[in-house]
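Asks: model the structure of this input:
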Amino acid sequence: MDFTGRVALVTGGGGGIGRAAAIGFARRGARVMVVDHNVETGQGTADVVVQHGGDVRFHRADVTRSAAVQDYVKATLDAYGRIDCFFNNAGIEGKVMPTQDYDEAVFDEVIAVNLKGVFLGLRHVLPVMIAQGSGTVVNTASVAGLFGGPGMPAYVASKHGVLGLTKVASTDVAGLGVRVNAVCPGPVETRMMRSLESQRNPNEPESAHKAYSASTPTGRYALPEEVANVVLYLCSDLSGDVTGTQIVIDGGRSGSGGAIATRR
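Replies: This is a model prediction of the structure:
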């Protein structure tokens, strides 16, 4: 998986999976644009990439705003002249509460970031790739995009939507040299899972971690780097005829019938 001479754009680049992907792209020769709403974590990722010898820039953006998405696309083109790989990854977990009690404002926020943000990324990056005649996109969905689960109506709905967008966009650009796929992680060792564990069991979040791990055939959470490696594969020439699909990374949990969990 050699990305020498290519440009990778990573949204949600300050988080665990986004950071791992940015580092992975850079270590394999790509120039990287890290996008995040949080300056501290986003710039932190850029600093780590520099430590690995990578060529990287950081751009702060709110992925729910079309103008802000256009700005991060422009910033990438101004810096590097093209976009070869787009990891459309920004997302939030929202709250854990039953559908009948779910706060409307929180629902709107989760849908705006996780679904509209992915759509806007596709809307403004795909024309760049079409003009180039090449490019790969990986959207971050989740096993929550494949199954239901208690207390997460906004998150589950958003991730089902991401898979729908992935399938539609892939058919729209398949004949134009551009591929679009998705990854569906289960539990991953990230801040998002710490938040969900705390919401599931505020008094003893570690017990939630143990329960999720015990219901996974591998007996553990995935590492961010393990998800990032699948992203890199989907962006590489090794997956040249792979488009319009999703890859599940959950330690066999969904195959074994375990209840879903989420990550990032």
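
Asks: ends of stretch 100-114, what's the gap?
Replies: Distance between the two ends of stretch 100-114: 21 Å, counting by CA to CA, to the nearest Å.

Asks: correct me if wrong: residue 92 contacts residue 110.
Replies: Yes: here residue 92 lies in contact with residue 110, judged by CB atoms under 8 Å, at a distance of 6.0 Å. Heads up, the C-betas are built off the backbone N, CA and C, glycines and all.

Asks: compare those two (neighbour count), which wins?
Replies: Remark: of residue 92 and residue 110, residue 110 carries more neighbours, 24 against 20, as counted by other CB atoms under 10 Å.

Asks: do you know how far that one is from residue 24?
Replies: To residue 24, residue 110 is 27 Å away according to CB to CB, to the nearest Å.

Asks: likewise for residue 145?
Replies: 23 Å.

Asks: how about the strands in this protein?
Replies: Ranges of strands in the chain, per DSSP state E, are 7-11, 31-36, 55-60, 85-88, 135-140, 178-185, 246-249.

Asks: longest helix in this protein, please.
Replies: helix 153-173 (DSSP state H).

Asks: pull out the buried residues from that one.
Replies: The neighbour-count check on helix 153-173 (16 or more other CB atoms under 10 Å) flags 153-163, 165-167, 169-170, 173 as buried.

Asks: run the chain-centre distance for it.
Replies: On the basis of CA atoms, centre = their mean, to the nearest Å, helix 153-173 sits 12 Å off its chain's mean C-alpha point.

Asks: residues of stretch 124-141 that come out buried?
Replies: For stretch 124-141, the neighbour count (16+ other CB under 10 Å) marks 124-126, 128-129, 135-141 as buried.

Asks: same question for stretch 181-198.
Replies: 181-190, 192-193, 195-197.

Asks: kindly report the same for stretch 44-62.
Replies: By neighbour count on 16+ other CB under 10 Å, the buried set for stretch 44-62 is 44-46, 48-49, 54, 56-62.

Asks: which one is residue 48 nearest to, not counting chain neighbours?
Replies: Spatial nearest neighbour of residue 48, chain neighbours left out: residue 23 (6.3 Å); criterion: CB to CB, 6 or more residues apart in numbering.

Asks: again, but for residue 252
Replies: residue 217 (3.8 Å).

Asks: so what's that neighbour up against?
Replies: Contacts for residue 217 were tallied using CB atoms under 8 Å, 6 or more residues apart in numbering; they are 251-253, 255-256.

Asks: okay if I get the buried residues of stretch 124-141 as a markdown table plus distance to residue 117 and pLDDT?
Replies: Below are these laid out as a markdown table (distance: CB to CB, whole Å; pLDDT from 0 to 100):
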| residue | distance to residue 117 | pLDDT |
| --- | --- | --- |
| 124 | 11 | 98 |
| 125 | 12 | 98 |
| 126 | 15 | 98 |
| 128 | 17 | 98 |
| 129 | 18 | 98 |
| 135 | 19 | 98 |
| 136 | 19 | 98 |
| 137 | 13 | 98 |
| 138 | 14 | 98 |
| 139 | 10 | 98 |
| 140 | 10 | 98 |
| 141 | 13 | 98 |
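
Asks: now distance to residue 73 too, for those, in CSV please.
Replies: What follows is the buried residues of stretch 124-141, written out as CSV (distance: CB to CB, whole Å):
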residue, distance to residue 73
124, 5
125, 6
126, 10
128, 7
129, 11
135, 12
136, 16
137, 13
138, 16
139, 16
140, 18
141, 22
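
Asks: and which of those is nearest residue 239?
Replies: residue 136 (8.0 Å; CB to CB).

Asks: tally of neighbours for the residue lying closest to that closest one once chain neighbours are set aside?
Replies: If the residues on either side of it in the chain are set aside, residue 136 comes closest to residue 235, at 4.5 Å by CB to CB, 6+ apart. The number of residues packed near residue 235 is 28, by other CB under 10 Å.

Asks: now the angle from the longest helix of the chain to strand 135-140?
Replies: If you take axes from the mean of the first three to the mean of the last three CA atoms, to 10 degrees, helix 153-173 sits at 160 degrees to strand 135-140.
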